[in-house]
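# quick one, fold the following:
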Amino acid sequence: MTRTRLKDGDWIVVADGEKALFLRNLTDHENPHFQVVRVKEQDNPPNRDQATDRPGRMPDAGPGQRSALDEADFHRLAKERFAEDLAEILYKRAVAGAYDRLIVVASPMVLGVLRENWHDEVRKRLVAEIPKTLTNHPIDEIERMVKESLDEA
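Next up is the predicted model:
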């Protein structure tokens with residue numbers, strides 16, 4: 001297996017469940033320089049702020065016994081929807097010819113949702129996946145960490 005190396009024009013998408021950075025590499029692998037192309041963010045408050053009711057209850061077999069039901073985790077659902085939307089954006093940009101090669105750096109949960117929702121046009125361009133959460137790091141740190149991750153692969 002050959003190592004993936006950064007090339008001029010590569011797209012690097014750095015995402016978690018609430019923020020995505022669309023970056024373009026302007027140089028080579030030895031001295032990566034990422035330019036921000038787009039930032040997509042979503043307001044996703046904690047689940048306690050999104051839930052409106054107490055969890056439901058259902059009767060058990062015994063007299064007067066009831067069990068609590070799990071409440072939907074709206075915070076997690078919003079993260080999954082964000083990742084699904086991100087997969088759609090990447091498909092539209094691939095079809096439009098915005099990128100030839102794609103490197104995705106995402107939290108493991110987001111990466112899993114992306115894999116389930118990627119279109120073949122995106123898969124054809126995907127050259128590396130890095131399961132890390134780097135959205136709140138400065139760009140120069142992202143450059144360094146992506147390069148190191150690709151060197152280790």
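# so what does the closest residue to Val37 other than its chain neighbours look like in phi/psi?
Nearest-residue entry for Val37: Phe22, 4.3 Å, with adjacent residues in sequence omitted and distances by CB to CB, 6 or more residues apart in numbering. Every residue, glycine included, has its C-beta placed from N, CA and C. Dihedral angles phi and psi of Phe22 (degrees, to the nearest 10) take the values phi -100, psi 110.
# and Glu30, how many neighbours?
8 (other CB atoms under 10 Å).
# look up how far Gln42 lies from it.
To Gln42, Glu30 is 35 Å away according to CB to CB, to the nearest Å.
# check Glu116 too.
19 Å.
# and these two? which has more neighbours close in?
Gln42 (14 against 11).
# so the more buried one makes contact with Leu77?
No: judged on CB atoms under 8 Å, Gln42 makes no contact with Leu77 at a distance of 11.9 Å.
# anything in contact with each of the two?
Counting by CB atoms under 8 Å, 6 or more residues apart in numbering, Gln42 and Leu77 have no common neighbour.
# run through the protein and note the low-pLDDT ranges.
Along the chain, segments meeting pLDDT under 70 span 1-2, 43-73, 75.
# thinking again about what came up before, just give me the neighbour total for the residue nearest to Val37.
Look at Phe22: counted by other CB under 10 Å, it has 22 neighbours.
# beta-bridge partners for it, please?
Residues in a beta bridge with Phe22, per DSSP bridges, are Val13, Arg38.
# and Ile130, its phi and psi?
Phi and psi for Ile130, reported as degrees, to the nearest 10, are phi -130, psi 110.
# strands along this protein, start to end?
11-15, 19-25, 34-41, 57-59, 66-68, 102-106, 126-130 (DSSP state E).
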